[in-house]
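In: Sharing a sequence plus its predicted fold:
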Amino acid sequence: KNHLLVQHWRKDFPILHTSLYGKPLVYFDNAATTQKPSIVIEAESYYYRHTNANVHRGIHTLSQQATEAFEAARSKLQRFINARHPHEVIFVHGTTEAINLVAQSYGRCRFKTGDEIIISAMEHHSNIVPWQMLCQQTGAILRIVPVNDAGELDINAYQNLFNPNTKLVAITHVSNTLGTINPVKSIIHYAHTQHVPVLLDGAQAIAHIAVDVQDLDCDFYAFSGHKLYGPTGIGVLYGKADLLEDMPPYQGGGDMISSVSFSATTYNKLPYKFEAGTPNIAGVVGLGAAVDYLSAIGMDTIIKHEQSLLNYATELIVNIPDIRMIGSATEKTGIISWVLAGMHPHDIGTFLDRQAIAVRTGHHCTMPLMERFGVPATVRASFALYNTKNEVDKLVNAIYQARELFK
Ligand code: PMP
């Protein structure tokens, strides 16, 4: 039954029907970005053909229609993550901008010398560098939660990092390199007992876990549309309304003001205070369509399928001779990272590419995590709703062939 469902979903993604080197594309680089269903491509195209106008300003009909489409998408995203209010959904470029927004708007005016920010050893560079920049500006320091051999956070060590100087926790929900699902609910609960707010980097979770920000009780949640079957250049920062209300704007410009004069400017209300300038309107509309698509299928159905693919692939890949899996957490999304003795990951990636199998090789923007495991790079296969066991078989066969060739 699952098999039939997936064949049905695959029809929704035009790019899956292309070939490379005479072979059908096998796309296993979903952690970098997912492919887009026709409904998303058509929503953007329809918007540009029929509704294009600037939002929030025009009295004319087209502008009002564009504004309606834009704000309707905000409500769809609110429902998708179960935020309390639509104005807790701030549209940004992506996860990276969301984290920079919190660092600069929340952190910069609050943090001072000696304050501490807790992150982890498995963070993507975009949940490290914005905090390092903030530390340089304010004199705050980073404290790092260590990762064990299985690729899981050391929760005892996490709790021991807290002290009266701790001001913020910023942790990834799911590791983009290992697939580890972190126990974020208990991480957040503990931080709140210490009166410390928590930002979750949801870039790798949002398309693979049913995210409920009220249930998690996170203070901020950041994600990118392009990893959620939506367009590039659009993402979301969720924040609790009372926190966002207290934060100064991140960027100044049009739309984010309520009045401007040379003596005094007052700022617009949420969410517009954080949306300076003309937004990525078509991107927002496309992201709304992506969320409709996923809601129609149901996250539970997607999770079941991806977990069965993960189990199937893990069993086959673990048994390949000379392979070293990086990370073996008990709670994982569909991401597998490995190295093969005697072969550089880039050589494996190139070999697989010639078989039309797209995987990612490199440090995956997690250089400190590579250092933790003593490898410069890994090969990473990451699954999405449209991947099949047959594609996994092709990947595994190709790894065996690569082994023979490079022996
Ligand atoms: N965090 C994680 C865990 C990621 O996987 C990524 C994307 N690889 C990002 C942050 C950054 O996302 P973006 O480049 O879309 O801003």
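Out: Yep, that arrived. Numbers count the residues shown, from 1 in each chain.
In: can you give me how far stretch 267-285 is from the chain middle?
Out: Its chain's C-alpha centre and that of stretch 267-285 lie 20 Å apart, by C-alpha atoms, centre = their mean, to the nearest Å.
In: I meant to write stretch 381-400 there.
Out: 22 Å.
In: in it, what counts as buried?
Out: Buried residues in stretch 381-400, defined by neighbour count with 16 or more other C-beta atoms under 10 Å: 381-388, 391-392, 394-396, 398-399. C-beta: built from backbone N, CA, C; applies to glycine.
In: And those residues, which is closest to T278?
Out: Within those, proximity to T278 (C-beta to C-beta) peaks at A384, which comes in at 31.1 Å.
In: Quick one: residues contacting the closest residue to the closest one other than its chain neighbours.
Out: Computed as C-beta to C-beta, 6 or more residues apart in numbering, the closest residue to A384 that is not its neighbour in sequence is N30, at 3.9 Å. For N30, the contact set (C-beta atoms under 8 Å, 6 or more residues apart in numbering) comprises 207, 227, 334, 382-384, 387.
In: do the same with F220
Out: F220 neighbours (C-beta under 8 Å, 6+ apart): 98, 102, 106, 197-200, 237-240, 243.
In: hang on, the earlier thing: ok, the buried residues of stretch 381-400 vs D255, which is closest?
Out: Out of the buried residues of stretch 381-400, the member with the shortest distance to D255 (by C-beta to C-beta) is A384, at 34.1 Å.
In: Let's see the pLDDT reported for that closest one.
Out: Note on A384: pLDDT of 98.
In: thinking it is in contact with H305, fair?
Out: No - using C-beta atoms under 8 Å, A384 is not in contact with H305, being 9.5 Å away.
In: buried ones in the lowest-mean-pLDDT helix or strand in the chain?
Out: Using mean pLDDT, DSSP states H and E, the weakest-scoring helix or strand in the chain turns out to be helix 2-10, at a mean of 90. By 16+ other C-beta under 10 Å, the buried positions in helix 2-10 come out as 6, 9-10.
In: Can you get me the centre-to-centre distance for it and its chain?
Out: In this view, helix 2-10 has its centroid 25 Å away from the chain centroid, taken as C-alpha atoms, centre = their mean.
In: Not counting its own residues, what contacts it?
Out: By C-beta under 8 Å, 6+ apart, the residues outside helix 2-10 that reach it are 16, 297, 301, 304-305, 308, 385-389.
In: Tell me which residues touch the residue sitting nearest the centre point of the chain, please.
Out: In the chain, the C-alpha nearest the mean C-alpha coordinate belongs to A203, at 0.9 Å (C-alpha atoms, centre = their mean). Residues counted as contacts of A203 (C-beta under 8 Å, 6+ apart) are 94-95, 124, 126, 172, 176, 222-224, 227.
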